Structures are given as structure tokens and as C-alpha cells.
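**Student:** below are the sequence and a predicted model; questions follow.
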Amino acid sequence: MSITTITTEDLRRMEGKEGLILQGCGGDLKEWVDGINEMFTDTGILKEGSKFEDVSAFQYGELTCLLYPFEDVKLDIGKLAVWRLQTHADFGGTWLSDFVPNRLGGFIGEPSPEPERRASVRRQMKEAKTAEPAKKQKTPKQQER
């Protein structure tokens, strides 16, 4: 397990990536990472023995924050979303894709000819719901002459 110190400018260069940010993580950061890994394992959020291994720490104002990136972990995203909402008052949990635009002024990066867009976690959850099949529209019959 590693905890890397990054800046908010580093966060702004993470467009297309997703993760959970916890705000106000005082004390020993290793205890935070171990505690979240244990809690998420116990509640079934982390699946198949996966754990957050490469966590980043950064300062936002007076707060020490931790970014738990979703790369290389197997998550039950629905359970994580419920946990985040239920514990927001305690942990200040937010998604990376919400934090950067709402707190840091948006993502910055190298312009690309056709930027690849990634749906936010919220949109991914909405799209995961089974959609009703689209009804076929009948073509109107032409009048006979």
C-alpha cells in the first residue's frame, strides 16, 4: 500500500478517471486507508478480496483529503454510492468527477482532437438500470392514387 502526496492541480489533470474523495482525514493516513479497506470489505463494497492500494493525499484549504481511485479495485458501485450518501456528514465523501468541477474550477489537460467523454458515476448508475426497449415506429402509408 502506498499513499502519495499530490496537489489539487494534479487532481485537475485526472479527467476521465474516477474515485472517492474523503475530506477532513486527520491523523495517521495509513489508519484511514486500512480502516476504509476493512469497512468496505465488511460491507461488501470491495469485492473479490480487492483493496485500495494506491491512495493519494492532498490539501484542500485546511483539510487533508484522501483520493481512493477506482482503478485496479473491484467495487459494488451501488453499495458505495449508498454508503457515501449515508456517511457524507461524517466523511465529506464525494466523487472525483464532482469535486474537481465544483471545487477546483474543472479539469485541465492537453486538448485532443476528439476528447473521450466518460459518464459520471451518477450517470453510469442511471444507465445501468434496465431501459424499456424502444417502440418501433410504423412508417405512414402513402395515399393511393
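**Tutor:** That came through fine. Residues are numbered from 1 along each chain as shown.
**Student:** in PDB, list the C-alpha atoms belonging to the top helix by length along the chain.
**Tutor:** Longest helix in the chain, counting residues (DSSP state H): helix 29-42. Taking Å, rounded to 0.1, in the frame of the first residue of the first chain, the C-alpha atoms of helix 29-42 are listed here in PDB:
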ATOM      1  CA  LEU A  29      -3.400   8.400   6.900                       C
ATOM      2  CA  LYS A  30      -2.400   4.700   6.800                       C
ATOM      3  CA  GLU A  31      -5.000   4.100   9.500                       C
ATOM      4  CA  TRP A  32      -7.600   5.800   7.300                       C
ATOM      5  CA  VAL A  33      -6.700   3.700   4.300                       C
ATOM      6  CA  ASP A  34      -6.700   0.500   6.400                       C
ATOM      7  CA  GLY A  35     -10.000   1.400   8.100                       C
ATOM      8  CA  ILE A  36     -11.800   2.200   4.800                       C
ATOM      9  CA  ASN A  37     -10.500  -1.000   3.200                       C
ATOM     10  CA  GLU A  38     -11.700  -3.000   6.200                       C
ATOM     11  CA  MET A  39     -15.100  -1.200   6.300                       C
ATOM     12  CA  PHE A  40     -15.600  -1.600   2.600                       C
ATOM     13  CA  THR A  41     -14.700  -5.300   2.700                       C
ATOM     14  CA  ASP A  42     -17.000  -6.000   5.700                       C
END
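**Student:** tell me which residues of it come out buried.
**Tutor:** Residues 32, 33, 36, 37, 40 are the ones in helix 29-42 that count as buried (16 or more other CB atoms under 10 Å). No exception for glycine: its C-beta is placed from N, CA and C like everyone else's.
**Student:** with stretch 54-71 instead?
**Tutor:** Neighbour-count burial for stretch 54-71 flags 55, 56, 57, 58, 60, 64, 65, 66, 67, 68, 69, 70 (criterion: 16+ other CB under 10 Å).
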